[in-house]
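J.: Sequence plus the predicted model coming up.
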Amino acid sequence: MQTADVIIVGGGIHGCSTALHLALRGLKPILIEKDYAGRHASGVNAGGVRQLMRHIAEIPLSIRSMDIWEKIQDLVEDDCGFDSHGQVLVAEDESELAPMRDRVAELNLRGFNHEELIDAKELRRLVPAVAESCPGGVVSRRDGAANPAQTTTAFRRMAERRGARIIEGVRVDTVKRDGGHWYVTAGSEVYSAPVLVNAAGAWGGKLAAMLGEPVPLEVVAPMLMITSRVPTFIKPVVILRGRKLSFKQFENGTVMIGGGYLGRAYPDTNETDLDWTQLKNNARTVWDLFPIMREATIVRAWAGIEAKMPDDIPVLGPSRKHDGLFHQFGFSLHGFQLGPGTGDTMAELIATGKTNISLEAFRPDRFETADIGDKHEH
Amino acid sequence: MSFPESLHAAYDVIVIGAGPAGLAAAATTAEAGLRTLLVDENSAPGGQIYRAITTSPLKNSSILGKDYEAGNDLVHTFEKSGADRLAGCTVWSLDRERVVGLSCGGEARLIKAERVIIATGAMERPFPIPGWTLPGVMTIGAGQTLLKSSGLIPSGRLALAGQGPLLWLYAAQILRAGGHIAAIFDTTPLANYISAAPHLPGFVFSPYWIKGLGLIREVKRVVKIVTGVTRLEAQGKNKLQTLVWEAGSRTGSIDLDVLMLHQGVVPHVNLAMAAGIKHEWDDIQLCFRPVLDESGNSSIKGIMIAGDGAGIGGAESAAERGRLAAIDTVANLRPDALAQIPSRDNVRNRLAQTMRGRAFLDHLYRPSKVFRIPQDASTIVCRCEEITAGEIRASIAIGATGPNQLKAYRRTGMGPCQGRLCGLTVTELMADERGKSPEEIGYYRLRSPVKPISLAELASIPQDETAIKAVVRG
Ligand SMILES: Cc1cc2nc3c(=O)[nH]c(=O)nc-3n(C[C@H](O)[C@H](O)[C@H](O)COP(=O)(O)OP(=O)(O)OC[C@H]3O[C@@H](n4cnc5c(N)ncnc54)[C@H](O)[C@@H]3O)c2cc1C
């Protein structure tokens, strides 16, 4: 039997970040990953590092993350491919702009200033290719994008260097609690620690249910496409509100097209199917809005397996059922940016017993009551 | 050319690839009355072996050989069968629901079938020697395509290097067409003659024995042959100028305009892998091949693979494997029509005959490690992203454990070729470096589109998705 201070289930950006931050606080974590670190959502996502349009409850975590992203090289000795050319939310007409105005005003009242309302002129300066008729939008200037696989791999590597044990290729099958200790069986080994972190991503719901704390998690497969190279025409990441679209041009000219269209997920076999009837809609939106893209070719497409909660915010924080159990999953298609700051927060919570960041909105038992909070689109 | 009006919204059978396997399969299912569609990206049927069989400018059949003419029979039988054919049409996706993504003349469609038979054949094994990316260095497969479809033979000083039946066939075809070959560098490892020897009896009874020996003799009469070659390096500033070679202790160099490389073919797995079909490592043929039952059923219900895509067997066995897949399809979808098509036993027997001698060829032409796993650090492995063997080894040293992890370090396999030109090399190099088997290391996870599709084509898929409704059989 192998013992540690903390056992983390899952080697996505969240598990790896928590492992690194625990190790930096002098604790000895063991991270167990059934495939390899970054194999799933954390390695194949769109790489969007976005504070823009976050649920209010997520903003403090998102800001804490952003502070880390801006010094990511210092933390993991890898630039993670991070750039910050901003993220822009485009309003296609006045009716879309009005709620954006309200939202920015509300954020300002609460003391958050990262989202900034922009007019048509500034929009065109930031995104010259956008249609003339768009009246404005919102920009978050510190936002940007990073390379997801490179990032998760860098966190994994640094966690190991700082003393975490990373075990890949074995799945956690059973978990028992006895005399204040968790006993975790994975492969032919048993691991034991007083603290357990469920960072199992799309499989987090299964693990939570096994521990007697079920949550309504849906396993989904968001899809992305990459085009051939086109002339450089866009720096920031662009998001649309009305029609589903997100858009990012890389330095080499290729463009990533996303927007949250879903394929089919088979979490038991790690497989996904692309749904081209959905991706077709994605292509049509691009065709309509960006004439410059009409000559482009789709060279690659893929999907990742991701957890989605009914209210689109994660399950995060201490279990309401067991001592020594913490959840960190259910990031609902936007958990990549949150990885660095959430790991830091979790490590703080585990090491010191408290954190200044309110995790109330993320309680695992919030779904037991009828009120699941206001539905938030992203 | 775009989609014809007569195209149905769904088919009983879609056959992908119009080589011998695909032609035979589609003809057989159509003869049994199943609504069949044969799709191929070339404008004329024939596949690689019978490329341009109906359109080749080389009317003189003595150049391409008698075997090439065998393709005519397959094409005629197919044309009489009543199957629909989409020529010049690219298949860019296939999923486990058997929805096939097609593009043709700037438009795309999604069409569903009860059965899909993949007959996309083989592709040439990568041949990563130093300098293989220089202009002037090409593959024999590419050379043969030019010869068959346009009657072109390379101009300037030409040498061939590598091994395998196709090398000798192409050399003979070049000579017959009036071309000149300065030298052939035979990379067949000398030890292979010993490991192949036990399989010789089977080979002696195969049709390849006489034909193969005849070809080699025909070529050897006029071309200088260097055997037992152990190292090749193409050199030149902006294009190929010199080939430097070693054969054991002998060394030399030769000035060239064109160098053509070939070390055998391997199953073209991209579409099958993207569909999610299970594959395994074949340690004799040194490639991944799909896990199939005797009829060609894959790990996904309703998707079959026939021909060289199922494991290399050559043209004659490909046609028989196409028929076997078709018979299984008919047995499942329209059993009362089985009497109208060849019996399973007959086809099985013929298949066994055509496979005689295969073991000998597999062992004799098993390529040497030095030509599969680049030894020089500076040799390019991934041509799209220009990643060298040295860079891959360095990535392994800092934690890359397999081809998919390597993408995060080097973007290998993420360019337009989708790993066709580097996949096997990367798997074998990583296996070698990490002391694991290629099976353990695995291959790139492939996804559709397996061929690029334009944004315009994708946007053109009709809104009304009758196309993917279940097929109604009449
Ligand atoms: C296509 C796509 C695009 C996206 N785009 C963005 C974006 O632009 N910006 C953004 O912020 N977010 C984005 N996301 C969301 C983001 O990727 C995820 O929210 C985030 O990566 C979740 O990280 P994780 O560590 O919780 O989960 P994961 O990365 O899924 O990690 C969980 C790990 O746990 C392992 N595991 C599960 N069960 C067990 C077990 N029993 N034993 C051992 N190991 C186990 C799994 O193998 C997995 O590796 C996107 C997601 C997808 C799929």
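T.: Okay, I see it.
J.: where's the residue most central in space within chain A, which helix or strand?
T.: Nearest to the mean C-alpha position of chain A, by C-alpha atoms, centre = their mean, lies A:Gly335 at 1.4 Å. Here A:Gly335 sits in a region with no helix or strand, counting by DSSP states H and E.
J.: distance of it from A:Ala202?
T.: Distance of A:Gly335 to A:Ala202, computed by C-beta to C-beta, to the nearest Å: 11 Å. The C-beta positions use only the backbone N, C-alpha and C, and glycine is treated the same way.
J.: And the residue of the stretch 201-350 of chain A closest to chain B?
T.: Nearest residue of the stretch 201-350 of chain A to chain B, counting by C-beta to the nearest C-beta: A:Ala283, 4.0 Å away.
J.: Go ahead and confirm B:Phe127 touches B:Val370.
T.: No - if you go by C-beta atoms under 8 Å, B:Phe127 and B:Val370 don't touch, sitting 11.3 Å apart.
J.: Give the residue from those two that has the larger number of neighbours.
T.: Higher neighbour count among B:Phe127 and B:Val370: B:Phe127, with 23 against 16, using other C-beta atoms under 10 Å in any protein chain shown.
J.: which residues of chain A fall in helices?
T.: In chain A, the segments counted as helices under DSSP state H are A:13-24, A:41-44, A:59-69, A:72-76, A:94-109, A:120-126, A:148-161, A:204-210, A:276-289, A:339-352.
J.: most packed of these?
T.: helix A:13-24 (a mean of 30; mean count of other C-beta atoms under 10 Å in any protein chain shown).
J.: Just confirm yes or no for it near chain B.
T.: No - using C-beta under 8 Å from any C-beta of the partner chain, we find that helix A:13-24 stays clear of chain B, coming within 12.6 Å at best.
J.: Any residues of the stretch 101-250 of chain B in contact with chain A? List them.
T.: Counting by C-beta under 8 Å from any C-beta, the stretch 101-250 of chain B sits next to chain A at B:Gly101, B:Leu110.
J.: Quick one: the strands in the stretch 101-250 of chain B, in order.
T.: With DSSP state E, counting those that start in this stretch, the ranges of strands along the stretch 101-250 of chain B come out as B:107-118, B:122-124, B:137-139, B:158-163, B:183-186, B:225-226, B:231-235, B:242-247, B:250-255.
J.: would a markdown table of the helices of chain A with distance to B:Ala24 and mean pLDDT be doable?
T.: A markdown table is the format used below for these (distance: least, C-beta to C-beta, whole Å; pLDDT from 0 to 100):
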| stretch | distance to B:Ala24 | mean pLDDT |
| --- | --- | --- |
| helix A:13-24 | 51 | 98 |
| helix A:41-44 | 40 | 97 |
| helix A:59-69 | 58 | 98 |
| helix A:72-76 | 56 | 98 |
| helix A:94-109 | 57 | 96 |
| helix A:120-126 | 58 | 95 |
| helix A:148-161 | 43 | 96 |
| helix A:204-210 | 47 | 97 |
| helix A:276-289 | 30 | 92 |
| helix A:339-352 | 54 | 98 |
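J.: Please tabulate these in TSV, including the columns distance to the ligand.
T.: Shown next, in TSV, are the helices of chain A (distance: least, C-beta to the nearest ligand atom, whole Å):
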stretch	distance to the ligand
helix A:13-24	3
helix A:41-44	3
helix A:59-69	9
helix A:72-76	14
helix A:94-109	19
helix A:120-126	19
helix A:148-161	7
helix A:204-210	6
helix A:276-289	12
helix A:339-352	7
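J.: Those: which one's closest to B:Gly390?
T.: Across those, the minimum distance to B:Gly390, taken as C-beta to C-beta, is reached by helix A:148-161, at 19.9 Å.
J.: Show residues contacting the closest one.
T.: A:11-13, A:16-17, A:19-20, A:23, A:29, A:31, A:37-38, A:42-47, A:72, A:75-78, A:80-82, A:166, A:336, A:339-340, A:343, B:398-399, B:405, B:407-409 (C-beta atoms under 8 Å, 6 or more residues apart in numbering or on different chains).
J.: returning to that earlier point: enumerate every residue touching the residue nearest to the centre of chain A.
T.: A:Ile13, A:His14, A:Ala41, A:Pro314, A:Thr342.
J.: and if you look at B:Val226?
T.: Contacts of B:Val226 by C-beta under 8 Å, 6+ apart are B:Ala183, B:Ile184, B:Phe185, B:Asp186, B:Trp245, B:Ala247, B:Arg250, B:Gly252.
J.: Ok, A:Ala202 next?
T.: Per C-beta under 8 Å, 6+ apart, neighbours of A:Ala202: A:His40, A:Ala41, A:Leu217, A:Val219, A:Val220, A:Ala265, A:Pro267, A:Ile305, A:Glu306, A:Ala307, A:Phe329.
J.: Show me what the fifth one is bridged to.
T.: In this structure, A:Val220 bridges to A:Glu306 when assessed by DSSP bridges.
J.: B:Leu364 reaches B:Ala196, doesn't it?
T.: Yes - counting by C-beta under 8 Å, B:Ala196 is a contact partner of B:Leu364 at 4.0 Å.
J.: quick one, the lengthiest helix in chain B and strand B:107-118 angle?
T.: Among the segments of chain B that qualify as a helix by DSSP H, the longest is helix B:315-333. Taking axes from the mean of the first three to the mean of the last three C-alpha atoms, to 10 degrees, helix B:315-333 and strand B:107-118 form an angle of 100 degrees between their directions.
J.: Pick out the residue in the stretch 1-150 of chain B sitting closest to chain A.
T.: Counting by C-beta to the nearest C-beta, the stretch 1-150 of chain B gets nearest chain A through B:Asp95, at 4.9 Å.
J.: try chain B
T.: B:Ala408 (3.3 Å).
J.: I'd say that residue and A:Ser42 touch.
T.: No - contact criterion C-beta under 8 Å: B:Ala408 and A:Ser42 do not qualify, at 10.9 Å.
J.: Now the common contact residues for the two.
T.: The contact lists of B:Ala408 and A:Ser42 share no entry, where a contact means C-beta under 8 Å, 6+ apart.
J.: And the helices in the stretch 201-350 of chain B, which stretches?
T.: Applying DSSP state H, counting those that start in this stretch to the stretch 201-350 of chain B gives helices spanning B:207-220, B:270-274, B:315-333, B:344-355.
J.: okay, those helices in TSV with mean neighbour count next?
T.: What follows is these, written out as TSV (neighbours: other C-beta atoms under 10 Å in any protein chain shown):
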stretch	mean neighbour count
helix B:207-220	15
helix B:270-274	24
helix B:315-333	25
helix B:344-355	16
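J.: Of all those helices, which one is nearest B:Leu74?
T.: It's helix B:315-333; of the helices of the stretch 201-350 of chain B, that one is closest to B:Leu74 (C-beta to C-beta) at 6.4 Å.
J.: and that closest one, what other elements does it pack with?
T.: If you count contacts as 3 or more C-beta pairs under 8 Å, 6 or more residues apart in numbering or on different chains; DSSP states H and E, helix B:315-333 packs onto strand B:10-16, helix B:20-31, helix B:66-80, strand B:107-118, strand B:303-305, helix B:344-355.
J.: Which positions in the longest one come out as buried?
T.: Translated: helix B:66-80. Across helix B:66-80, burial judged by 16 or more other C-beta atoms under 10 Å in any protein chain shown covers B:Tyr68, B:Ala70, B:Gly71, B:Leu74, B:Val75, B:Thr77, B:Phe78.
J.: name the helices or strands packed onto it?
T.: helix B:20-31, helix B:315-333.
J.: show me where pLDDT drops low in the chain?
T.: In the absence of a named chain, chain A is used. When residues are selected by pLDDT under 70, those of chain A lie in A:369-378.
J.: hm, I was asking about chain B
T.: Residue ranges of chain B with pLDDT under 70: B:1, B:52-53, B:56-61, B:63-64, B:66, B:464-474.
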